[in-house]
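**Student:** Give the three-dimensional model of this entry:
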Amino acid sequence: MPTVAEQLRAAREARHLSVQQVADITKIRTDHIRALEEGNYDMFAAPVYIRGFVRTYATLLKLDVPQVMAALDAELARTEKFNEPPSLSPPPQGALDLLVVRLARLNWRRLGPTLVILILLAFVATAYWFWRHRAQRDPLRQIAPTLLSPQDASGETLPLPPARP
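**Tutor:** Reported below is the predicted structural model:
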């Protein structure tokens, strides 16, 4: 018995249709049609795409769709990639996945403005704290304590300011 790929190619050639004509009619990409006719199912991400494309293609070519689909299921069962159905339970999630899911469930229309206001308040409070801290700082704090002597080692003294009357 011919494979599904051989049935599809033979039926297309018997109807004198090109791959491009089939693609225009079915809206299936030409590389997908070529992959189906070659039996290259590894090009597809999931068997649901293969089944849908083959069903559409077989309907266009007026083949016996249930028989073609049964043959396709048998062929897919023999492949390593599509031999068992995908798991319906989700994979285990990590802390980052859970955080992203929780953030996606938030109502951002209400929460967004609230966050903007909180960020602005935090900025204003930080700016006020820095302003107050700078105003209270002793300007002479950075000068190290030293002993002042009236006379320099060279013998010169500093000039005294003029006396005010």
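**Student:** Look up which helix or strand the spatially most central residue of the chain falls in, please.
**Tutor:** Per C-alpha atoms, centre = their mean, the C-alpha nearest to the average position across the chain is that of V100, at 11.3 Å. Here V100 sits within helix 95-104, counting by DSSP states H and E.
**Student:** Please point out which parts of that helix sit buried.
**Tutor:** Buried residues in helix 95-104, counting neighbours by 16 or more other C-beta atoms under 10 Å, are absent. C-beta here means a position set from N, CA and C on the backbone, and glycine is covered the same way.
**Student:** what does stretch 54-63 give?
**Tutor:** Across stretch 54-63, burial judged by 16+ other C-beta under 10 Å covers 54, 56-58, 60-61, 63.
**Student:** Ok, stretch 110-128 next?
**Tutor:** Across stretch 110-128, burial judged by 16+ other C-beta under 10 Å covers no residue at all.
**Student:** Just give the nearest non-adjacent residue to F44, would you?
**Tutor:** Nearest in space to F44, with sequence neighbours left out and distances taken as C-beta to C-beta, 6 or more residues apart in numbering, is I50 at 5.1 Å.
**Student:** Touching, that neighbour and D42? I think so.
**Tutor:** No. In this structure I50 lies outside contact range of D42 using C-beta atoms under 8 Å: 10.2 Å.
**Student:** Pick out whichever of these two has more residues nearby.
**Tutor:** Legend: neighbour count by other C-beta atoms under 10 Å for I50 and D42, higher for I50 (22 against 11).
**Student:** element containing the more buried one?
**Tutor:** Element membership for I50 (DSSP H and E) is helix 47-60.
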